[in-house]
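Participant: got a predicted model here, sequence first, then my questions.
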Amino acid sequence: MQQIYSVTGMTCQGCVASVQEKLSKIDGVLDVVVDLEKGEATMEVSEFFSSAQLQSALPAKYGIAEKGSVASILASSEEKSKWGQLRPLFLIFTYLFATAFLLNYKDWSTSEAMLDFMGLFYIVFSFFKFLDLKGFPESFRMYDPLAKAIPVYGWVYPFVELILGLMFLMRIRVSIALWVTVIILGITTIGVTRALLGKKTIRCACLGTALNLPMTEATFIENTIMLVMAFLMLLGMI
């Protein structure tokens, strides 16, 4: 008998292996195939298992529910808690905007404030990626086209962000940093847009894997803000 379950909380192949191992050890489970991109576990079983039975075998970071009505309830619950999940992201953006303003308010320059914001953005976001440098590439390649095509790019990306952050803050080759920003965030935004239009339930890797952030419109907006700033500065409009 086959059963299919929705699984949440997985961010990389290590998570897939962990979920598969735990479920495989349950008596009556004959075979388990876990799909990270779909967020599903397909199981061959000798008897029916409720989601509560399976949940007890998994670590708390993972959620599992039967496909269908139970999964819909789970999705609805996650949607209601979206603000709670995204709260850290909005707090970080508030701090970044406030810091960029305070650094420049006495002798105001919009371009200088924007450069400070962009530098701080990259430094802070790279920090969170470095917290789990091993897990970040797997999460990143779930939606970034370049990371999916060239896996090593996912490993290099946090270092690229760190370097760009220093270039903006130290005003080193700013035009080059702006063009690189347009290219890498443009590519990522394409992937984010595809994920949102495809209504894929995946984790956003913008703050690494240390925080459980869902892929939402907020991810698109944060990239768009940086892209707009970069374009305005390159066009000399600021």
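Facilitator: Arrived safely. Just so we're clear, the structure is a prediction, and the values are computed from it rather than from any experiment. Numbers count the residues shown, from 1 in each chain.
Participant: flag the shaky bits of the protein, pLDDT-wise.
Facilitator: Scanning the chain with the threshold set as pLDDT under 70 gives 68-85, 200-203, 208-216, 237-238.
Participant: tell me the centre residue of it?
Facilitator: Centroid-nearest residue in the chain: residue 204, 1.6 Å away (criterion: C-alpha atoms, centre = their mean).
Participant: what distance do you get for it to residue 64?
Facilitator: Residue 204 sits 21 Å away from residue 64, going by C-beta to C-beta, to the nearest Å. Quick note: C-beta positions are derived from backbone N, CA and C, even for glycine.
Participant: for residue 86, same thing?
Facilitator: For residue 86, the distance to residue 64 (C-beta to C-beta) stands at 23 Å.
Participant: who has more neighbours out of those two?
Facilitator: Higher neighbour count among residue 86 and residue 64: residue 64, with 27 against 18, using other C-beta atoms under 10 Å.
Participant: partners of the helix or strand harbouring that one in the sheet?
Facilitator: Following DSSP states H and E, one finds residue 64 within strand 63-66. Applying DSSP bridges, strand 63-66 is found paired with strand 2-8 (antiparallel).
Participant: list the buried residues in whichever helix or strand comes after the partner strand.
Facilitator: Per DSSP H and E, the first helix or strand lying C-terminal to strand 2-8 is helix 13-24. Neighbour-count burial for helix 13-24 flags 15, 16, 18, 19, 20, 22, 23 (criterion: 16 or more other C-beta atoms under 10 Å).
Participant: next, format these as JSON lines and append distance to residue 190.
Facilitator: Shown next, in JSON lines, are the buried residues of helix 13-24 (distance: C-beta to C-beta, whole Å):
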{"residue": "15", "distance to residue 190": "25"}
{"residue": "16", "distance to residue 190": "25"}
{"residue": "18", "distance to residue 190": "31"}
{"residue": "19", "distance to residue 190": "29"}
{"residue": "20", "distance to residue 190": "31"}
{"residue": "22", "distance to residue 190": "35"}
{"residue": "23", "distance to residue 190": "35"}
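Participant: nearest to residue 162 among those residues?
Facilitator: residue 15 (25.7 Å; C-beta to C-beta).
Participant: thought the closest one was touching residue 35?
Facilitator: No. Between residue 15 and residue 35 there is no contact under C-beta atoms under 8 Å: 11.7 Å.
Participant: residue 60: what secondary structure?
Facilitator: Following DSSP: H, G, I helix; E, B strand; the rest coil, we place residue 60 in the coil state.
Participant: what count of nearby residues applies to it?
Facilitator: Residues lying near residue 60 (other C-beta under 10 Å) number 7.
Participant: lovely, talk soon.
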